[in-house]
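In: Got a predicted structure plus its sequence, pasted below:
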Amino acid sequence: MSTNGLVVAIVGATGAVGEEMRAVLAERRFPVSRLVPLASERSAGQTVEWRGEDCLVQVLNEDSFHEVDIALFSAGGSISEKFAPIAADCGCYVVDNSSAFRMMPEIPLVVPEVNPGALEQESMIIANPNCSTIQEVVALQPLHAVAGLKRVVASTYQSASGAGRNGMDELRDQTIDLLNFREPKNNTFSRRLAFDTIPQIDVFQDDGFTKEEHKMMFETRKIMELPDLPVCATCVRVPVFLGHAMSINAEFERPISVEDAMSALENAPGVILHRDPADFPVAADAQGADDVHIGRLRVDPSAPNALTFWVVADNLRKGAATNAVQIAELLKAAGHLDG
Ligand code: A2P
């Protein structure tokens, strides 16, 4: 700890989310006295940009956290499983972007616009939710407050950046190969993504859903504190570099008009409502932004008290880095971080 700020580590600082974490920490003027960028041996000797200067990347090891006040992790589940408890044992708060701890009852799973109170549960490790789940619950919470959620069906259109730098590189390379009449290769995605869509994100589970779909279903219930909420998700990778979109169909306990829904969303934190159907948001509108964009809101005539709408957000920012930094801000505001 320092007298004029906090020592902040980013685990996975060279990755797609790590890069956004640096940007968001600087933009939101989080009080960082020293940034500790951590990555694998592959990045030894490299530098990353921090507030206009080069900052040397350090290789992650068990001694990385001794002087660190808070660490933002985004280097994959197995790295989090091993190193987050080590960091916590050193007295370092951890905001973990992997799925390793999200569903553990003793670990808060937090979207600041939805359940900031979950941070009252004392824990050195706080889980950052799945990218699609974050934008889904930011959209659902204001409607739930008006009419009581009864059932949710979501279908996602998720960009290649959700699979990190490797995902974006693979989409670029496949696109170039196809346009040059070469056979594209796929390593990161299970099929060719360029000029196609893949209804598989993460591995398949015994019930036929993918793990990404399970994350959306289980995490939504935990964050919204609705353990019995019926949720069904279909997660699809689309050939977009950045920005996740989704179609949400929600049924409510009580009647809710389009106007009531729109005014609730307009007044909700972190939401930009597109009232005009033709002014629908697309991924490009959300890129680089921290808000969740909502459009195409209409009554679903096929069920009572049902609405259907379109939600878009920057998956690397609100879906990952911004949400993690917002959690760090809440910890600071609650007096858990001195600096
Ligand atoms: P590195 O660049 O050294 O491989 P992305 O999600 O964009 O693929 O980024 C993953 C991030 O996680 C990168 O910063 C990567 O570092 C980091 N990472 C991956 N494996 C390890 C590891 N074994 N130890 C530390 N960092 C890791």
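Out: That came in fine, so what should we check first? Residues are numbered from 1 along each chain as shown.

In: roughly how far apart are residue 206 and residue 214?
Out: 10 Å (Cβ to Cβ, to the nearest Å). Where you see a C-beta, it was placed from the backbone N, CA and C, and this is true even at glycine.

In: Settle it for me: which of these two has more neighbours?
Out: More crowded of residue 206 and residue 214, by other Cβ atoms under 10 Å: residue 214, with 18 against 5.

In: and the closest residue to residue 226 other than its chain neighbours, bridged to which residues?
Out: Leaving aside its sequence neighbours, residue 226 sits nearest to residue 149 (Cβ to Cβ, 6 or more residues apart in numbering; 6.4 Å). Counting by DSSP bridges, residue 149 forms beta bridges with residue 252.

In: could you list every residue that touches residue 149?
Out: Shown in contact with residue 149 (Cβ atoms under 8 Å, 6 or more residues apart in numbering): 140, 143, 224, 226, 229, 250-253.

In: Equivalent analysis for residue 331, please.
Out: Neighbouring residues of residue 331 by Cβ under 8 Å, 6+ apart: 70, 93, 119, 126, 337.

In: before we move on, the earlier item: what distance do you get for the residue nearest to residue 226 to the ligand?
Out: Per Cβ to the nearest ligand atom, to the nearest Å, residue 149 is found 32 Å from the ligand.

In: As a quick check, tell me the outermost residue of this structure.
Out: Here the chain reaches farthest from its C-alpha mean at residue 181, the gap being 35.6 Å by Cα atoms, centre = their mean.

In: is it fair to say that residue lies in a helix?
Out: No. Residue 181: not assigned to a helix; according to DSSP: H, G, I helix; E, B strand; the rest coil it is coil.

In: can you pull the pLDDT of it?
Out: With respect to pLDDT, residue 181 scores 98.

In: May I have the phi/psi pair for it?
Out: Dihedral pair for residue 181: phi 60, psi 30, per degrees, to the nearest 10.

In: show me where the stretch 51-200 of the chain has helices.
Out: Ranges of helices within the stretch 51-200 of the chain are 77-89, 131-147, 164-179, based on DSSP state H, counting those that start in this stretch.

In: Quick one: closest of those to the ligand.
Out: Closest to the ligand of those, according to Cβ to the nearest ligand atom: helix 164-179, at 2.5 Å.

In: Could I get the CA-only coordinates of the closest one as CSV?
Out: In CSV, the C-alpha atoms belonging to helix 164-179 read as follows (Å, rounded to 0.1, in the frame of the first residue of the first chain):
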residue,chain,number,x,y,z
GLY,A,164,-9.4,-13.1,-26.4
ARG,A,165,-6.7,-12.0,-28.8
ASN,A,166,-6.5,-15.4,-30.3
GLY,A,167,-10.2,-15.2,-31.2
MET,A,168,-9.8,-11.9,-33.0
ASP,A,169,-6.7,-13.0,-34.8
GLU,A,170,-8.4,-16.2,-36.0
LEU,A,171,-11.4,-14.3,-37.4
ARG,A,172,-9.0,-11.8,-39.2
ASP,A,173,-6.8,-14.6,-40.6
GLN,A,174,-9.8,-16.7,-41.7
THR,A,175,-11.4,-13.7,-43.4
ILE,A,176,-8.1,-12.9,-45.3
ASP,A,177,-7.7,-16.5,-46.3
LEU,A,178,-11.2,-16.9,-47.6
LEU,A,179,-11.0,-13.6,-49.6
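
In: Show me what that helix is packed against.
Out: With contacts taken as 3 or more Cβ pairs under 8 Å, 6 or more residues apart in numbering; DSSP states H and E, helix 164-179 sits against helix 16-27.

In: Hey, what's the angle from the helix or strand that comes right after the helix it packs on to helix 16-27? Just curious.
Out: On the C-terminal side of helix 16-27, the closest following helix or strand by DSSP states H and E is strand 32-39. For strand 32-39 against helix 16-27, the angle by axes from the mean of the first three to the mean of the last three Cα atoms, to 10 degrees is 170 degrees.
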